[in-house]
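Asker: coords please:
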Amino acid sequence: MADRLAIIGGLVVLPDREIRNGVILCEEGRIVYAGPGDGISAESGSTIIDGAGMIVMPGFIDTHFHGSGGDDVMANGVEGLRRISSSVLRFGTTGFLATTIAARHDELMRAINETLAAQAAAATGAEILGIHLEGPFINIAFKGAQPEWGIRDPDFDECRQLLEAAKGQVKIMTLAPELPGGMEMIRMLAATGVAPSLGHSTADYDTALAAIEAGATRATHLYNAMSGVHHRKPGLAAACLNEPGIQAELICDGVHVHPRMAALAWRAKGREGLTLVTDATAAQGHGDGIYTLGDFRIEVRGALCTLMDGQTIAGSVLTMNRAVGNAIAFTGMSLIDAAEMASAAPAKLCGVADRKGRIAPGMDADLALLNADFSVAATIIAGRLVYRSAGAAA
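Answerer: Here you go, the predicted structure:
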């Protein structure tokens with residue numbers, strides 16, 4: 001495959017502006033030019049992609065993600081993780097955090113070791129940029145689809161073992177600050193470079209403020225599995241909306257969060273305060289049926305993903321390209337805003353903002369080419385065309 005790639009035409013979404021009929025030139029896996037097409041031509045021998053009619057965005061990075069294509073992060077081992085990396089290419093995702101759920105300590109250790117092994121394996125799929133530990137130190141009162149047997153109060157020895165096993169690859173840990181030892185664990189995580197994320201929590205506003213003071217910087221799936229927005233008893237969700245120190249995940253599937261509540265979050269937080277995530281399960285891209293989420297069986301019917309009780313929401317089937325399209329439709333945000341929330345901000349969280357998350361010279365050539373309806377026409381990783389939809393122009 002050629003070391004040079006050129007995308008000619010299309011609406012190119014840069015960090016500060018949109019360029020119609022733009023050109024992106026890539027060499028040896030990096031972007032060397034991104035801008036107007038006037039007077040710019042591809043080098044001889046370049047692979048050329050006709051981007052006419054397409055939106056060209058930086059590759060998406062999903063920082064809360066449990067599976068795809070029938071495979072679960074915790075259930076299908078190293079090969080399952082590699083298949084997941086390939087599955088998400090059709091959704092414009094070029095990087096993700098393998099996300100666990102509450103589980104026994106040995107199961108979490110196994111999931112960490114398998115993720116590290118999958119990272120080390122040569123692959124052409126989306127890059128595993130680290131790990132998001134969603135639990136196990138969460139409040140059982142807001143467990144959502146998390147298994148009771150995996151939930152427990154903060155255990156510092158266990159936490160240190162998990163972090164040491166992960167060798168710096170844990171980027172986020174979701175925990176409930178109101179639990180015994182919760183504030184101290186937030187301080188420990190922040191001191192070791194892990195982003196403490198508030199979630200699955202009954203915390204009131206004052207407790208949330210104390211958690212922010214202790215070092216919490218994020219909130220896991222805003223509005224979901226947390227104390228809510230009430231005019232006399234403002235809970236964690238209210239604090240997440242009101243406090244600038246928190247960057248909150250937002251699941252824009254129209255199921256987890258009503259579009260008008262997504263619009264409220266957008267007005268309160270803006271692009272600096274929100275990150276788009278999918279919370280996707282193994283059912284992502286696989287249609288209706290019965291799947292797994294950790295040790296649980298889950299059922300998918302259309303856009304709804306639940307436990308077998310048919311009521312408890314258990315992750316999603318959302319994809320990053322649809323999250324972007326929905327976020328724009330729900331809130332009126334721009335493509336530039338959406339690119340910040342789906343690519344640049346996640347790249348910063350994962351510690352790779354120096355090379356990923358933006359379309360600019362010197363950055364990795366990780367790109368998502370979208371049709372006008374936000375379906376994915378093509379996905380590019382390190383300047384290589386790794387996915388092209390049927391009928392997409394070559």
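
Asker: Could you pull up the residues touching Ser343?
Answerer: Taking CB atoms under 8 Å, 6 or more residues apart in numbering, we find Ser343 in contact with 57-61, 356-358. In this view, the C-beta of every residue, glycine as well, is placed from N, C-alpha and C.

Asker: same thing with Asp155?
Answerer: Asp155 neighbours (CB under 8 Å, 6+ apart): Phe137.

Asker: Can you tell me how far it is from Leu370?
Answerer: Applying CB to CB, to the nearest Å, the value for Asp155 to Leu370 is 44 Å.

Asker: And Val229, by the same measure?
Answerer: 33 Å.

Asker: same thing with Asp153?
Answerer: From Asp153 over to Leu370 (counting by CB to CB), the distance is 44 Å.

Asker: okay, these two: which has more neighbours?
Answerer: Leu370 (23 against 15; other CB atoms under 10 Å).

Asker: In the stretch 51-200 of the chain, where is pLDDT below threshold?
Answerer: For the stretch 51-200 of the chain, the stretches flagged by pLDDT under 70 are 122-123.

Asker: now the helices for it?
Answerer: For the stretch 51-200 of the chain, the helices defined by DSSP state H, counting those that start in this stretch occupy 77-87, 105-120, 156-166, 182-191.

Asker: by contact count, what packs against the second one?
Answerer: With contacts defined as 3 or more CB pairs under 8 Å, 6 or more residues apart in numbering; DSSP states H and E, the packing partners of helix 105-120 are helix 77-87, strand 93-100, strand 127-134, helix 156-166.

Asker: Tell me which residues are up against the first one.
Answerer: Helix 77-87 is contacted by residues 67-73, 76, 98, 114-115, 117-118, 121, 123-128, 284-285 when judged by CB under 8 Å, 6+ apart.

Asker: buried stuff in it?
Answerer: Under the neighbour-count criterion of 16 or more other CB atoms under 10 Å, helix 77-87 has 77-78, 80-87 buried.

Asker: Alpha carbons only: can I get that helix in CSV?
Answerer: Written as CSV, here are the backbone C-alpha positions of helix 77-87 (Å, rounded to 0.1, in the frame of the first residue of the first chain):
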residue,chain,number,x,y,z
GLY,A,77,-10.3,-12.5,25.7
VAL,A,78,-7.5,-11.1,23.6
GLU,A,79,-8.9,-12.3,20.3
GLY,A,80,-12.3,-10.8,21.2
LEU,A,81,-10.6,-7.4,21.8
ARG,A,82,-8.8,-7.6,18.5
ARG,A,83,-12.1,-8.4,16.8
ILE,A,84,-13.7,-5.4,18.6
SER,A,85,-10.9,-3.2,17.2
SER,A,86,-11.8,-4.2,13.7
SER,A,87,-15.6,-4.0,14.3
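
Asker: Run the chain-centre distance for that helix.
Answerer: How far helix 77-87 lies from its chain's middle: 16 Å, per CA atoms, centre = their mean, to the nearest Å.

Asker: So what angle separates the directions of it and strand 127-134?
Answerer: Put simply, helix 77-87 runs at 120 degrees to strand 127-134, going by axes from the mean of the first three to the mean of the last three CA atoms, to 10 degrees.

Asker: mind listing what the closest residue to Cys350 other than its chain neighbours touches?
Answerer: Leaving aside its chain neighbours, Cys350 sits nearest to Leu129 (4.2 Å; criterion: CB to CB, 6 or more residues apart in numbering). Leu129 makes contact with 61, 95-97, 171, 350, 352 under the criterion CB under 8 Å, 6+ apart.

Asker: When you filter those down to buried only, what's left?
Answerer: For the contacts of Leu129, buried by 16+ other CB under 10 Å: 61, 95-97, 171, 350, 352.

Asker: export those to TSV and tack on distance to Ile380?
Answerer: What follows is these, written out as TSV (distance: CB to CB, whole Å):
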residue	distance to Ile380
Ile61	14
Gly95	13
Phe96	16
Leu97	21
Lys171	24
Cys350	19
Val352	17
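
Asker: I'd like to know which of the helices and strands packed on helix 105-120 is closest to Phe330.
Answerer: Closest to Phe330 of the helices and strands packed on helix 105-120 is strand 93-100 (CB to CB; 20.1 Å).

Asker: how much does that closest one deviate in direction from strand 127-134?
Answerer: Going by the same axes, to 10 degrees, strand 93-100 makes 30 degrees with strand 127-134.

Asker: chain center to strand 93-100: distance?
Answerer: Mean-position distance between strand 93-100 and its chain equals 6 Å (CA atoms, centre = their mean).

Asker: Quick check: end-to-end length of stretch 72-91?
Answerer: Start and end residues of stretch 72-91 are separated by 17 Å (CA to CA, to the nearest Å).

Asker: what do you get for stretch 53-72?
Answerer: 35 Å.

Asker: Over to stretch 224-233?
Answerer: Using CA to CA, the distance between the terminal residues of stretch 224-233 is 17 Å.

Asker: what's in contact with that stretch?
Answerer: The contact list for stretch 224-233, computed with CB under 8 Å, 6+ apart, reads 142-144, 198-204, 219-220, 223, 235-238, 240-241, 251, 256-257, 313.

Asker: This completes my enquiry, with thanks.
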